[in-house]
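*Asks:* sequence plus the predicted model coming up.
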Amino acid sequence: MDIKSITPTSRVTFELDGKDASVTFDVAFVAPDQLGDYVTANAADNRLSALVRKVLIDAVGGWDLTEDGVPIPCTAETKAKYLPIIFGLVIKTEAENPFDKVLGRALLNYAMEPGNFLKN
């Protein structure tokens, strides 16, 4: 395979269903085995949805979010505040599976696809 470049992050935009709005993220690649890095001794913290949420929050490195027209900085604190809610939004897509219409799942699928980060 001839790889011309590897980018540490990739930009993706999702159109929100039922709204005239979209959200753009700069996201890092998420390797399939990365979930194991988030497993703790506390079983309650190891629910799959909680682990995926933590992985995605860490993977997001930038966004185009604003509040009353003022850009919201992408910090650990603001990611923890806003992203769990945003991950539950429904996006515009042709997917038939209702789970594929959830922004968080679509973002995870995007972040786990090496082709979004390898340019050949």
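*Replies:* Yes, it's here.
*Asks:* and the residue sitting nearest the centre point of the chain, how far from residue 5?
*Replies:* The C-alpha lying nearest the average C-alpha coordinate of the chain belongs to residue 107 (CA atoms, centre = their mean; 3.9 Å). Per CB to CB, to the nearest Å, residue 107 is found 22 Å from residue 5. Glycine gets a C-beta too; all of them are placed from N, C-alpha and C.
*Asks:* what comes up buried for stretch 102-114?
*Replies:* Using 16 or more other CB atoms under 10 Å as the test for burial, stretch 102-114 gives 102, 103, 104, 105, 106, 107, 108, 110, 111.
*Asks:* from these, which is closest to residue 52?
*Replies:* residue 108 (6.1 Å; CB to CB).
*Asks:* what about whichever strand or helix holds that closest one, average pLDDT?
*Replies:* Using DSSP states H and E, residue 108 sits in helix 103-111. Averaging pLDDT along helix 103-111 yields 94.
*Asks:* what helices and strands are in contact with that helix?
*Replies:* Under the contact criterion of 3 or more CB pairs under 8 Å, 6 or more residues apart in numbering; DSSP states H and E, helix 103-111 touches strand 9-15, strand 22-28, helix 48-59.
*Asks:* so which of those comes closest to residue 35?
*Replies:* helix 48-59 (5.3 Å).
*Asks:* buried sites along that closest one?
*Replies:* Applying 16+ other CB under 10 Å to helix 48-59 flags 51, 52, 53, 54, 55, 56, 59 as buried.
*Asks:* can you check stretch 74-85 too?
*Replies:* For stretch 74-85, using 16+ other CB under 10 Å, the buried residues are 74, 79, 82, 83.
*Asks:* make a markdown table out of these and add pLDDT.
*Replies:* Listed next are these as a markdown table, based on pLDDT from 0 to 100:
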| residue | pLDDT |
| --- | --- |
| 74 | 97 |
| 79 | 96 |
| 82 | 95 |
| 83 | 95 |
